[in-house]
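K.L.:
After the sequence you'll find the predicted model.
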Amino acid sequence: MNFLFRSLTPADRPLIEELVRGYYAFDGLTYNPSLHGPALDQLVTGDPAAKVWIVEADGTPAGYLILTIGFSMYYGGKDGFIDELFLKEEFRGSGGGAAIMRFADAQAKELGLAYLHLEVTETNDRARQIYERRGFAPTGHMLMSKRTA
């Protein structure tokens, strides 16, 4: 299967919401329109701290990748975080996950990122194995979060 990546456009707003809802349903997360809707609006208008691509398989929307850009003194400067990565079920097992990871690696290099981070649930063994094969490893640090808005 041939996977291609194209940048998100404002016309993709309904598509990206559909894909995000699909990912959240798959991962047991709750899609909250009042929280996630405005975030999607920011993405489709081109927030400079985030890059978003629609993943297409032979011309069909198959998933998406959101890469956020930040800075970390500890990690040597500019870094990136794979915020969300999703591939529809019918495209899993066909090399799509590996293609997305290769693409993310290439984008990280192109953007001059010193490190690329991601988050995975401890129980998602399949995804963890894919990420580990791509060179990701636990850092010994625990992600902690606080809502500020």
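P.N.:
Received it, and whenever you're ready, just let me know what you need. Numbering: from 1, shown residues only.
K.L.:
For the chain, just list every one of the strands.
P.N.:
3-7, 50-57, 60-72, 77-87, 115-118 (DSSP state E).
K.L.:
and the first one, which strands flank it?
P.N.:
Using DSSP bridges, strand 3-7 pairs in its sheet with strand 50-57 (antiparallel).
K.L.:
Pull the distance from the partner strand to the chain's centre.
P.N.:
8 Å (CA atoms, centre = their mean, to the nearest Å).
K.L.:
again, but for stretch 66-86
P.N.:
11 Å.
K.L.:
what's next to it, contact-wise?
P.N.:
19-20, 22-23, 26, 43, 48-52, 63-65, 100, 104, 107-108, 111-119 (CB atoms under 8 Å, 6 or more residues apart in numbering). All C-beta atoms are positioned from the backbone trio N, CA, C, and that covers glycine.
K.L.:
so which of the strands of the chain gets nearest Gly93?
P.N.:
Distance to Gly93, taken as CB to CB, is lowest for strand 77-87 among those, at 9.5 Å.
K.L.:
what does the average pLDDT come to for the closest one?
P.N.:
The average pLDDT for strand 77-87 rounds to 96.
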